[in-house]
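Novice: Prediction below, plus the sequence it came from.
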Amino acid sequence: MKEYLDMCRYILENGEDRDDRTGTGTRSVFGYQTRYRLDDGFPLLTTKKMYLRPIAEELLWFIKGDTNIKYLVDRNVKIWNDWPYEAYTKSADYQGESMEEFVAKIKALPADDPFVVKYGELGPVYGHQWRNFNDQGVDQLAKLVDSLKYNPFSRRHIICAWNPAQVDEMALPPCHAFIQFYVSHDCKYLSSQLYQRSADTFLGVPFNIASYALFTAMLAQVCGYQAKEFIHTIGDAHIYKDHIEVIRQQLEREPYPKCQLVLNPEVKSIFDFKIEDIQIVNYRSHGRLKGKVSV
């Protein structure tokens, strides 16, 4: 994962210091691209401890078309909790509950409980746009699978999460906004390129790399290809100012060899994957590094 570390170094050395929406401040560059081979291992960062399960659970949540944190909360995945909790604290129903109490309540209640329906909902975020774009019944993911199988050389293998008509209804407008897929001339390999409008380099980017590399591998399997390359194109690539020192610490660490992704070969549909069908082997990493999420 030298490519990732080179990006961190480039931002530190060449970025401009900017104010931002969260009030934290960033060091930022505009326009950066990295390429990760998928045919020689899985690009899960090794210079800090990473966990594939929450990454995979979020991806499965997208594939389901779900937009309520209940699915993730039930599986102890915390990555989307900050935004609905922040919205809840501004509501008339807020009684001073902590984040932990709010999440525990979501977890304890059934999915159709009015509290879960109202306060666990994120709006028409990724899963909604992937499976029912603009509330018009357009299933981009189903169309993509069909296109990859039966029209491999199309230049329209695209999923778009950025929807200007609904972006103001989303708890967080899509950062990873647009992904395109590419089948090799011999119909053996599948590659992908993600355009990400905004990228939290320390917390978000390692997660995004692994997520879309996994998505590419899953699609490759069900469409009859082998995963070859993930290309990550970023608009605003930034390091939050309170992450600069931990990034410098990470840059002192030597990467370990890539791990390997193992998918259950019996899964033939992108919609049939379960968490137990997704595993990694031979993952070795340095210890955890922590950073605060800027909301």
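Specialist: Structure's in. What do you need? Numbering: from 1, shown residues only.
Novice: can you pull the buried residues of stretch 43-59?
Specialist: 43-48, 50, 52, 54-59 (16 or more other CB atoms under 10 Å). For every residue, glycine as well, the C-beta is placed using N, CA and C.
Novice: Turn those residues into a markdown table, columns for pLDDT, distance to His157 and secondary structure.
Specialist: Putting the buried residues of stretch 43-59 into a markdown table (pLDDT from 0 to 100; distance: CB to CB, whole Å; DSSP: H, G, I helix; E, B strand; the rest coil) gives the following:
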| residue | pLDDT | distance to His157 | secondary structure |
| --- | --- | --- | --- |
| Pro43 | 97 | 21 | coil |
| Leu44 | 98 | 25 | coil |
| Leu45 | 97 | 27 | coil |
| Thr46 | 97 | 30 | coil |
| Thr47 | 97 | 32 | coil |
| Lys48 | 96 | 32 | coil |
| Met50 | 96 | 28 | coil |
| Leu52 | 96 | 25 | helix |
| Pro54 | 96 | 27 | helix |
| Ile55 | 97 | 22 | helix |
| Ala56 | 98 | 22 | helix |
| Glu57 | 98 | 25 | helix |
| Glu58 | 97 | 22 | helix |
| Leu59 | 98 | 18 | helix |
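Novice: now, which of these sits nearest Phe207?
Specialist: Closest approach to Phe207 among these (CB to CB): Ile55, at 5.8 Å.
Novice: ok, that closest one touching Ser211?
Specialist: Yes - assessed by CB atoms under 8 Å, Ile55 is found in contact with Ser211 at 5.1 Å.
Novice: partner strands of the helix or strand where Tyr36 lies, parallel or antiparallel?
Specialist: Element membership of Tyr36, judged by DSSP states H and E, is strand 26-37. Taking DSSP bridges as the criterion, strand 26-37 pairs within the sheet with strand 16-18 (antiparallel), strand 226-240 (antiparallel).
Novice: Please identify the deepest-packed of these.
Specialist: strand 226-240 (a mean of 22; mean count of other CB atoms under 10 Å).
Novice: List the buried residues in whatever helix or strand comes next after that strand.
Specialist: Toward the C-terminal end, the helix or strand that comes next after strand 226-240 (DSSP H and E) is helix 244-251. For helix 244-251, a neighbour-count test (16+ other CB under 10 Å) marks 244, 246-247, 250 as buried.
Novice: Name the surrounding residues that touch helix 244-251.
Specialist: Defining contact as CB atoms under 8 Å, 6 or more residues apart in numbering, one finds that helix 244-251 is touched by 5, 8-9, 12, 27, 47-48, 201-202, 239, 289-291.
Novice: With distance to His128 as extra columns, can I get the residues you listed in JSON lines?
Specialist: What follows is the contacts of helix 244-251, written out as JSON lines (distance: CB to CB, whole Å):
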{"residue": "Leu5", "distance to His128": "35"}
{"residue": "Cys8", "distance to His128": "32"}
{"residue": "Arg9", "distance to His128": "37"}
{"residue": "Leu12", "distance to His128": "36"}
{"residue": "Arg27", "distance to His128": "33"}
{"residue": "Thr47", "distance to His128": "34"}
{"residue": "Lys48", "distance to His128": "31"}
{"residue": "Thr201", "distance to His128": "27"}
{"residue": "Phe202", "distance to His128": "28"}
{"residue": "Ile239", "distance to His128": "30"}
{"residue": "Leu289", "distance to His128": "33"}
{"residue": "Lys290", "distance to His128": "31"}
{"residue": "Gly291", "distance to His128": "28"}
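Novice: Output the strands paired with strand 26-37 in a markdown table, with distance to Ser147 and mean pLDDT appended to each entry.
Specialist: Output for the strands paired with strand 26-37, formatted as a markdown table (distance: least, CB to CB, whole Å; pLDDT from 0 to 100):
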| stretch | distance to Ser147 | mean pLDDT |
| --- | --- | --- |
| strand 16-18 | 39 | 95 |
| strand 226-240 | 17 | 97 |
